[in-house]
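>>> Task: produce atomic coordinates for the following.
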Amino acid sequence: LKAYASRDRKAFIRGYWLDIIAVIPVFRGFRMLRLLRLLRLFRVGRWMARRLGALSIGLHEQLVELITVLVVLLVLVVPGAVLLTYLDPAYVDPAKTMWQSFLTLIAAEPEGPNPATPVGRAIIVVLMVGGMVVFAMLTGIISAAMIQRTRLAMKNQEYEIAQLSGHIVMCGFNRAVSRIIKELQLHPVMRRHPIVLICEADELPLDVKAMPEPASIYFMSGDYTRKEVLEKAGVRRASYAIMLADKSRQRSDQDRDARTVLAALLVEDMNPDIFTVVELLNRENETHLKDRGVEEIIVLDEYGGALIATSTQSHGVLQVFDDIFTNERGNKMMKIDLPASLEGSSYGDALMKLKKSAGALVIAVERQQEDGRTHYEVNPPLDHVLRRGDRLHIITPSIESLLRSEDE
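The predicted structure is shown next:
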């Protein structure tokens, strides 16, 4: 079933051929194949091999350097011990001198008796300097292996991203990213959608471990205004796109908005059915976005300024917003399709029924007009008639109870 559902079956078979062999159906003529069930015992070993495989491949590619380090060790320790034994009277036992030479090289400081001759002191100095050189070489080799491991991990992640569908593609990075991801992953419905974050940083500028669902976060380093990068992120299979004002590089606000608009237009061209949310720094840059199908455009400075002014005029409003717009605590704001049982009812009747059944408060009605535009009626009159196709914007203390109410 996994092979059937995989988008790249050849890659799946190459990666899981041992598992496939282990579950071959046993027919009468192939009873000997039952022995292959013992291969299940190696699954733990295979898991460990996958974890260590990247590092071992990196070390394998540094094999020449490792051999060089070993040769340097032998060239320094063996001749050094021999010369000390025959040229310095302080060193008598060859085996003990060999051990002391090795410790001197590793510790980069004299080990054993003090040399009695200038030649002996010179040999000790060479061993100490050689130890520092060997240490530097080992550090470089291990660093190169770790870099190779990171590259291989990125390749494996590309394969995993290629299997995603219905996910969220987030383009750009700023200080709001961690909060956005956290809020999405705390939502009982949105948390089911993996997140692919694309920005120009060389490594993920986010503490993934602090997120509620770290395994559902994927990172791609690249220019999200390029079509091939969006293709790798699976935009054609994604359900949502979030375009942020990128601040990972030094640019002017106009340049940031230009890149955001360009990326949003590319996303809409590649996947017209995707739901796109765009953050702009200047409202004047939204001209072409609405006409190309972008659903939501947010200018945070405008909303932030309005919130500050409103909280100044009406004390306590900020606490109300904090309760509604965070998934960690309090009420949640969401949109639902009008239940069939409420079609033809008045807004007042729907208000009372949803409040009694799920504790939800209807604050607005969304309706698609004949010209294709969407009209929002906030706090409509009680006698406002609800029609099929309307959507309700509600505040609910529990999304789970609301979903149960819809099922009932």
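>>> Can you list the residue ranges for strands in the chain?
For the chain, the strands defined by DSSP state E cover 168-171, 195-199, 217-221, 240-243, 275-280, 296-299, 332-337, 361-368, 374-378, 391-396.
>>> which parts of the fifth one are buried?
Buried residues in strand 275-280, counted by 16 or more other CB atoms under 10 Å: 276-280. All C-beta atoms are positioned from the backbone trio N, CA, C, and that covers glycine.
>>> got the CA positions of it in CSV?
Taking C-alpha atoms only, strand 275-280 is exported to CSV below (Å, rounded to 0.1, in the frame of the first residue of the first chain):
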residue,chain,number,x,y,z
PHE,A,275,-5.6,29.6,-0.9
THR,A,276,-3.1,32.4,-0.7
VAL,A,277,-2.4,34.9,2.1
VAL,A,278,0.0,37.7,1.4
GLU,A,279,1.7,40.1,3.8
LEU,A,280,2.5,43.5,2.3
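>>> So for that strand, mean pLDDT?
Mean pLDDT, strand 275-280: 94.
>>> Counting by contacts, list what that strand packs against.
Judged by 3 or more CB pairs under 8 Å, 6 or more residues apart in numbering; DSSP states H and E, strand 275-280 is in contact with strand 240-243, helix 253-270, strand 296-299.
>>> Would you format the ones you listed as JSON lines with mean neighbour count included?
Below are the helices and strands packed on strand 275-280 laid out as JSON lines (neighbours: other CB atoms under 10 Å):
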{"stretch": "strand 240-243", "mean neighbour count": "24"}
{"stretch": "helix 253-270", "mean neighbour count": "19"}
{"stretch": "strand 296-299", "mean neighbour count": "16"}
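>>> So for residue 140, which of the ones you listed sits nearest?
helix 253-270 (37.2 Å; CB to CB).
>>> rewinding a little: hey, least reliable of the strands of the chain by pLDDT?
strand 332-337 (a mean of 85).
>>> Quick check: longest helix in this structure by residues?
helix 118-162 (DSSP state H).
>>> same for that one, what does it pack against?
On a contact count with 3+ CB pairs under 8 Å, 6+ apart, helix 118-162 meets helix 43-61, helix 63-87, helix 94-107, strand 217-221, helix 227-232.
>>> which one of the ones you listed has the lowest average pLDDT?
helix 43-61 has the lowest average pLDDT among the helices and strands packed on helix 118-162, namely a mean of 50.
>>> mind putting the helices and strands packed on strand 275-280 in TSV, distance to residue 285 included?
Listed next are the helices and strands packed on strand 275-280 as TSV, based on distance: least, CB to CB, whole Å:
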stretch	distance to residue 285
strand 240-243	12
helix 253-270	4
strand 296-299	9
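>>> Among those, which comes closest to residue 389?
strand 296-299 (19.7 Å).
>>> Name every strand pairing with that closest one and say which way it goes.
strand 275-280 (parallel) (DSSP bridges).
>>> who's in contact with the strand it pairs with?
With CB atoms under 8 Å, 6 or more residues apart in numbering as the test, strand 275-280 has contacts from 172, 176, 239-245, 257, 260-261, 264, 267-268, 286, 289, 293-300.
>>> what's the weakest-modelled helix or strand in this structure?
One helix or strand of the chain scores below all others by mean pLDDT, DSSP states H and E: helix 43-61, with a mean of 50.
>>> Give me the buried positions along stretch 359-371.
By neighbour count on 16+ other CB under 10 Å, the buried set for stretch 359-371 is 359-360, 362, 365-367.
>>> so residue 258 touches residue 285, yeah?
Yes - the criterion here is CB atoms under 8 Å, and residue 258 meets it with residue 285 at 7.5 Å.
>>> Low-confidence stretches in the stretch 101-250 of the chain?
Within the stretch 101-250 of the chain, the stretches with pLDDT under 70 are 144-156.
>>> how about 90 then?
For the stretch 101-250 of the chain, the stretches with pLDDT under 90 are 101-165, 175, 183, 186-192, 200-216, 220-221, 247-250.
>>> how about the helices of the stretch 301-408 of the chain, start to end?
317-324, 347-358, 399-407 (DSSP state H, counting those that start in this stretch).
>>> and the angle for the shortest one with strand 391-396?
The reference is to helix 317-324. Using axes from the mean of the first three to the mean of the last three CA atoms, to 10 degrees, the direction of helix 317-324 lies 100 degrees away from that of strand 391-396.
>>> picking up where we left off before, tell me the one of the buried residues of strand 275-280 nearest residue 317?
Distance to residue 317, by CB to CB, is smallest for residue 279 among the buried residues of strand 275-280, at 23.0 Å.
>>> coming back round to it: just how off-centre is the longest helix of the chain within its chain?
28 Å (CA atoms, centre = their mean, to the nearest Å).
>>> just the angle between it and helix 63-87, please?
170 degrees.
>>> neighbours of the closest residue to residue 262 other than its chain neighbours, just the number please.
Once flanking residues are discounted, residue 262 sits nearest to residue 225: 4.9 Å by CB to CB, 6 or more residues apart in numbering. By other CB atoms under 10 Å, 20 other residues sit near residue 225.
>>> residues contacting residue 225?
Counting by CB under 8 Å, 6+ apart, residue 225 has contacts 259, 262-263, 266.
>>> How much space separates it from residue 346?
Going from residue 225 to residue 346 by CB to CB, to the nearest Å gives 48 Å.
>>> likewise residue 194?
In terms of CB to CB, residue 194 sits 41 Å off from residue 346.
>>> Out of those two, name the residue with the larger neighbour count.
Higher neighbour count among residue 194 and residue 346: residue 194, with 22 against 16, using other CB under 10 Å.
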